[in-house]
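S.K.: Next come a sequence and a model predicted from it.
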Amino acid sequence: MPDNAAPFNERANSRDVAVLGGGSFGTAMAKVLGENGHTVHFWMRDQEQAEQIRQNRVNERYMPGIILEGDIQPTTDLAEAIHKAEVVLVAIPSKAFRAVIRDNSQIFRDGQIVVSLTKGIEECGFKLMSEILQEEIPRCRSGVLSGPNLAGEIVNRELTATVIAAKDPEVRRAIQELLGCEYFRVYANVDVYGVELAGALKNIYAIVAGLASALDMGENAKAMLITRGLAEMSRFAVSLGANPMTFMGLAGVGDLIATCTSSKSRNFRVGYAVGKGKKLDEAAKELGQVAEGIYTLKLVREKSESIGIYMPLVRGLYEILYNDASISAVINSLMMAVQNSDVEFILPRTIVQ
């Protein structure tokens, strides 16, 4: 922490916070912060979008009809937003995440808190956003925010909980104080890698769930897909160093349930459209927003095969989306697979139950 920076709980209640990214989740967090009495430097690339929010207090493209209350200052000047902020929340799509951070790395201050809100994986090197922050701005204190956080519900002040994961307790406490309110609960975790990887992986299974819904599968089948998805993602993540218990919490099973059961989920909607006969490109274009699961699927398939982790749902979905495989044929092959252990880490996978 810089010499001139006092702990959060020793200052006045109002903080200067930058939110980078004018999409749906960035807008939701800006709204929470604004209503909590903080000054929000809300950065986006599009000058017209920024001016519209400034004039009308509404982000019409991503959150039509939602009024942004409080001291929210939309801007296209990234350097100014970062310079003024005590804390920076980054809600930029994974494909652009490193470029934005790297190109502006000199602007971030020593000890500044920078938290990723992005649920995705960088293609080159299978890097998570927290790893990018550590590589590009190591002098900052970083963390990750993830959980069952559908932006459309947050902006309507519906009860929601999330997880701030960081090694530094001051980062965890700062985010809890900034975002916590009567409808938005912020829980803490130290397993940064597990929390972040869970948030990225669940997008894949939301696409699977969308497919299942489009095919009018029964509730039994949907429950099976969600729980087998949890088994896959936890097995994969633990092999990469995550704590298996993280997947029993909000960032794991909580986020998985939210995105696999709600048509508000972008990834669910992509899967639903494909299940109704649309091509992947057509479904993604119709969505009009980034569905991170489309990109994450490719990377996880490659990574799981390279390290020898069994992920039949990932493999099956990849064949459907990218190799035009028959949905029914893939489902049949999944149902004919070996019936192995139910709960991961209790029985070895060589024992069939």
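M.R.: Yep, that arrived.
S.K.: Off-centre distance for stretch 136-153?
M.R.: 8 Å (C-alpha atoms, centre = their mean, to the nearest Å).
S.K.: whoops, stretch 91-101 was the one
M.R.: Distance of stretch 91-101 from its chain centroid, counting by C-alpha atoms, centre = their mean, is 13 Å.
S.K.: Check stretch 149-167 too.
M.R.: So, by C-alpha atoms, centre = their mean, the centroid of stretch 149-167 is 11 Å from its chain's centroid.
S.K.: got the buried residues for it?
M.R.: Using 16 or more other C-beta atoms under 10 Å as the test for burial, stretch 149-167 gives 149-155, 160, 162-166. No exception for glycine: its C-beta is placed from N, CA and C like everyone else's.
S.K.: With stretch 76-92 instead?
M.R.: 76, 78, 81-82, 85-92.
S.K.: So the residue lying closest to residue 180 once chain neighbours are set aside, which state does it fall into?
M.R.: Counting by C-beta to C-beta, 6 or more residues apart in numbering, residue 180 lies nearest to residue 186, which is 4.9 Å off, once chain neighbours are set aside. Here residue 186 takes the strand state, with states given by DSSP: H, G, I helix; E, B strand; the rest coil.
S.K.: What about residue 186, how many residues nearby?
M.R.: Residue 186 has 22 neighbours, counted by other C-beta atoms under 10 Å.
S.K.: That one: what's it in contact with?
M.R.: 161-164, 175-176, 179-180 (C-beta atoms under 8 Å, 6 or more residues apart in numbering).
S.K.: Show the pLDDT at it.
M.R.: pLDDT for residue 186: 98.
S.K.: residue nearest the centroid of this structure?
M.R.: Geometric centre of the chain, nearest residue: residue 119, 2.7 Å, by C-alpha atoms, centre = their mean.
S.K.: average pLDDT across stretch 199-211?
M.R.: On average, stretch 199-211 scores 92.
S.K.: err, stretch 239-250, not the other one
M.R.: Averaged across stretch 239-250, pLDDT comes to 94.
S.K.: Also stretch 133-143?
M.R.: Per-residue scores along stretch 133-143 average to 98.
S.K.: and which of the contacts of residue 186 is nearest to residue 67?
M.R.: Proximity of the contacts of residue 186 to residue 67 (C-beta to C-beta) peaks at residue 179, which lies at 19.1 Å.
S.K.: From what I see, that closest one and residue 161 are in contact.
M.R.: No: using C-beta atoms under 8 Å, residue 179 makes no contact with residue 161, being 10.8 Å away.
S.K.: Buried residues of stretch 26-42, list them for me.
M.R.: 26-36, 38-42.
S.K.: Likewise for stretch 302-322?
M.R.: Buried-residue list, stretch 302-322, by 16+ other C-beta under 10 Å: 303-304, 309-311, 313-321.
S.K.: just those now: which is nearest residue 58?
M.R.: The closest of the buried residues of stretch 302-322, once distances to residue 58 are taken by C-beta to C-beta, is residue 321, at 34.2 Å.
S.K.: Could you give the number of residues near residue 324?
M.R.: 9.
S.K.: which residues of the stretch 151-300 of the chain fall in strands?
M.R.: Per DSSP state E, counting those that start in this stretch, the stretch 151-300 of the chain carries strands over the ranges 160-165, 184-189.
S.K.: Quick one: closest of the ones you listed to residue 299.
M.R.: strand 160-165 (20.5 Å).
S.K.: and the nearest residue to residue 197 once chain neighbours are set aside, what does it touch?
M.R.: Using C-beta to C-beta, 6+ apart and skipping the chain neighbours, the partner closest in space to residue 197 is residue 237 (4.7 Å). Applying C-beta under 8 Å, 6+ apart to residue 237 gives the contacts 193-194, 197-198, 201, 246-247.
S.K.: Need these in a markdown table (columns: distance to residue 58 and neighbour count).
M.R.: Output for these, formatted as a markdown table (distance: C-beta to C-beta, whole Å; neighbours: other C-beta atoms under 10 Å):
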| residue | distance to residue 58 | neighbour count |
| --- | --- | --- |
| 193 | 37 | 18 |
| 194 | 36 | 27 |
| 197 | 34 | 30 |
| 198 | 32 | 30 |
| 201 | 33 | 29 |
| 246 | 36 | 26 |
| 247 | 37 | 28 |
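S.K.: what's the weakest-modelled helix or strand in this protein?
M.R.: Of all the helices and strands that make up the chain, helix 327-335 has the lowest average by mean pLDDT, DSSP states H and E, namely a mean of 77.
S.K.: Return the distance of that one from the chain's centre.
M.R.: 28 Å.
S.K.: Of all the residues in that helix, which ones are buried?
M.R.: Neighbour-count burial for helix 327-335 [16+ other C-beta under 10 Å]: 327, 330-331.
S.K.: For stretch 115-124, list every residue counted as buried.
M.R.: 115-122.
S.K.: Closest one of those residues to residue 254?
M.R.: residue 119 (13.2 Å).
S.K.: secondary structure class for residue 138?
M.R.: Here residue 138 is recorded as coil under three-state DSSP.
S.K.: Not counting sequence-adjacent ones, nearest residue to residue 239?
M.R.: Using C-beta to C-beta, 6+ apart, the nearest residue to residue 239 is residue 309, at 5.4 Å.
S.K.: What helix or strand is the one you found located in?
M.R.: Residue 309 belongs to no helix or strand when assigned by DSSP states H and E.
S.K.: Just list the residues touching it, thanks.
M.R.: Contacts here follow C-beta under 8 Å, 6+ apart; on that basis residue 309 touches 235-236, 239.
S.K.: Next, format those as TSV and append distance to residue 276 and neighbour count.
M.R.: Formatted as TSV, the contacts of residue 309 follow (distance: C-beta to C-beta, whole Å; neighbours: other C-beta under 10 Å):
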residue	distance to residue 276	neighbour count
235	31	18
236	29	21
239	35	13
